[in-house]
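**Student:** Coordinates for the following, if possible.
(chains A, B, C and D)
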There are 2 protein chains.
Amino acid sequence: MASQVVNQRELQRLETRRTLAEHALRLFSANGFDETTVEEIASAAGVSQRTFFLHFPTKAAAAFPDHEERVQDFRNNLGDGRAVGNPLLHLCEVMSSGLDTDSPMRRTRYRLLAQVSALRDEDSRTDRDYEEVVAAYLIQSWGDSIEARVRAHAIANAALGVCRASLIGWGDEGIDPRRVCFEILHRMLGSPFDGPLQSMQSMQ
Amino acid sequence: MASQVVNQRELQRLETRRTLAEHALRLFSANGFDETTVEEIASAAGVSQRTFFLHFPTKAAAAFPDHEERVQDFRNNLGDGRAVGNPLLHLCEVMSSGLDTDSPMRRTRYRLLAQVSALRDEDSRTDRDYEEVVAAYLIQSWGDSIEARVRAHAIANAALGVCRASLIGWGDEGIDPRRVCFEILHRMLGSPFDGPLQSMQSMQ
DNA sequence: GGACTCGGTGCACTCACTGCAGTTAATACC
DNA sequence: GGTATTAACTGCAGTGAGTGCACCGAGTCC
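**Tutor:** Predicted coordinates:
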């Protein structure tokens, strides 16, 4: 019995956060993003407005409540850049397979994303965290240099752009984001950077 | 003599806009983005705060005053997607050569961009306009279908990501953005999408 | 059981941004 | 040349996001 009680406070905190995010997404979908006030979200979740900002830095961030964990998962899945035979192929695989199409909440999110520009802003913002992870991974596998850093960030940006478009295509047009994402990523990054990878290392 | 007087009002309007943008960038650089209020920018430019918002929709937009014209120029340079032999190669050329490294103001902008997250948000926002232009161009040359739309947006996103990273690499590390951008874009989009372009059309 | 921590609250504040009702000067029209 | 119109700009009052601060009260630690 005691095993259930891990941490009362932590449980309550997570519950509040979950409830806030749930009501936020519901209200954004039902009434629109701009038409929904933080006050509304908070009182729908039964807490004060001040509490909302204890959990999320911005109104839009409530639409991406699991962001930090997802970035961490992604980092773990990517692993060490030096430990992989073909880093770019590995990147294609991890990125496309990481597109979570399981929960209906995510679908709602990306459907919204295609319409609400404030949420695309937030999405771009969250992408920057992924960009850092991908860039760090690539620099790790290529070795550090100015050129490598720029290339790493360029490829990270490009790959994230493909993921974003795939997810919006999923929310908007119903395509299979994993398949499309992998296909395009693989074509972009697979062979083209395969042979010339040496020329890239020679630039250090 | 009369030839000089094209339009008094238009001239004044552009002058106000230019002055606002100039002071905005100056104050952002000197004191930081968050530390600068719209009121400060406006009074530095000798106009009211209300006038600022007559010229720019947001505080951050003042850092990108020539955005609309640049998008229009880009659209013109890209031309008709059906009129070009190799649309993707043409895209690589137009995108990388469009990176304007002439004015010192642009350099300041991208140096700022690497640091101020609110400006990167604005940059992502402006990129969406370019995304539409690129996507429209690609759809025009490939023909329209769900797959083509998703692919077009994916490639547009990816290419813009490369441009963004190149420009930040310029502001931040001093690399030549045109060379780096073209090199990476060409590798990503040149040959890989060259042969298999047929398979893409077969998906319609 | 007392000290402490921490999630949540209320309040007052700043600041970006908007709607509206002006004013003034350039321009178009006759 | 005089008049009507337009459009850049202004002032003001308002909304709503986000913050700093002092505080409460329940869970937690020893």
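
**Student:** what separates the residue lying closest to A:Leu160 once chain neighbours are set aside from A:Gly161, distance-wise?
**Tutor:** Nearest residue to A:Leu160 in three dimensions, chain neighbours excluded: A:Asp127, at 4.8 Å (Cβ to Cβ, 6 or more residues apart in numbering or on different chains). Quick note: C-beta positions are derived from backbone N, CA and C, even for glycine. Separation of A:Asp127 from A:Gly161 (Cβ to Cβ, to the nearest Å): 8 Å.

**Student:** Then A:Ala136?
**Tutor:** A:Ala136 sits 18 Å away from A:Gly161, going by Cβ to Cβ.

**Student:** Please state the offset of the longest helix along chain A from the chain centre?
**Tutor:** Determined from DSSP state H, the single longest helix within chain A is helix A:146-173. In terms of Cα atoms, centre = their mean, to the nearest Å, the centre of helix A:146-173 is found 11 Å from the chain centre.

**Student:** So for that helix, what gets flagged as buried?
**Tutor:** A:147-172 (16 or more other Cβ atoms under 10 Å in any protein chain shown).

**Student:** Which elements pack onto it?
**Tutor:** For helix A:146-173, the elements it packs on are helix A:87-97, helix A:104-115, helix A:117-142, helix A:177-185, helix A:197-201, helix B:146-173, helix B:177-185, judged by 3 or more Cβ pairs under 8 Å, 6 or more residues apart in numbering or on different chains; DSSP states H and E.

**Student:** Keep only the buried residues of helix A:146-173 that also lie close to DNA strand C.
**Tutor:** Subset of the buried residues of helix A:146-173 in contact with DNA strand C: empty, counting by Cβ under 7 Å from any atom of the strand.

**Student:** any chance of the helices and strands packed on helix A:146-173 in a markdown table, with distance to B:Asn31 and mean pLDDT too?
**Tutor:** Listed next are the helices and strands packed on helix A:146-173 as a markdown table, based on distance: least, Cβ to Cβ, whole Å; pLDDT from 0 to 100:
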| stretch | distance to B:Asn31 | mean pLDDT |
| --- | --- | --- |
| helix A:87-97 | 39 | 96 |
| helix A:104-115 | 34 | 86 |
| helix A:117-142 | 23 | 94 |
| helix A:177-185 | 41 | 95 |
| helix A:197-201 | 39 | 42 |
| helix B:146-173 | 19 | 93 |
| helix B:177-185 | 27 | 95 |
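
**Student:** pretty sure A:Asp129 contacts A:His67?
**Tutor:** Yes - counting by Cβ atoms under 8 Å, A:Asp129 touches A:His67, with 7.3 Å between them.

**Student:** Phi first, then psi, for the nearest residue to A:Phe53 once chain neighbours are set aside.
**Tutor:** Leaving out its chain neighbours, the residue that sits closest to A:Phe53 by Cβ to Cβ, 6+ apart is A:Val38, at 7.6 Å. Dihedral pair for A:Val38: phi -60, psi -40, per degrees, to the nearest 10.

**Student:** quick revisit: for DNA strand D, find the nearest of the helices and strands packed on helix A:146-173.
**Tutor:** Of all these, it is helix A:117-142 that lies closest to DNA strand D, at 9.0 Å by Cβ to the nearest atom of the strand.

**Student:** buried sites along stretch A:106-115?
**Tutor:** By neighbour count on 16+ other Cβ under 10 Å, the buried set for stretch A:106-115 is A:106-110, A:112-113.

**Student:** what does that stretch contact?
**Tutor:** Applying Cβ atoms under 8 Å, 6 or more residues apart in numbering or on different chains, the contact partners of stretch A:106-115 are A:25, A:28-29, A:33, A:63-64, A:100-101, A:119-120, A:123, A:167-168, A:170-172.

**Student:** Next one: A:Arg106 from DNA strand C, what distance?
**Tutor:** Computed with Cβ to the nearest atom of the strand, to the nearest Å, the distance linking A:Arg106 and DNA strand C is 24 Å.
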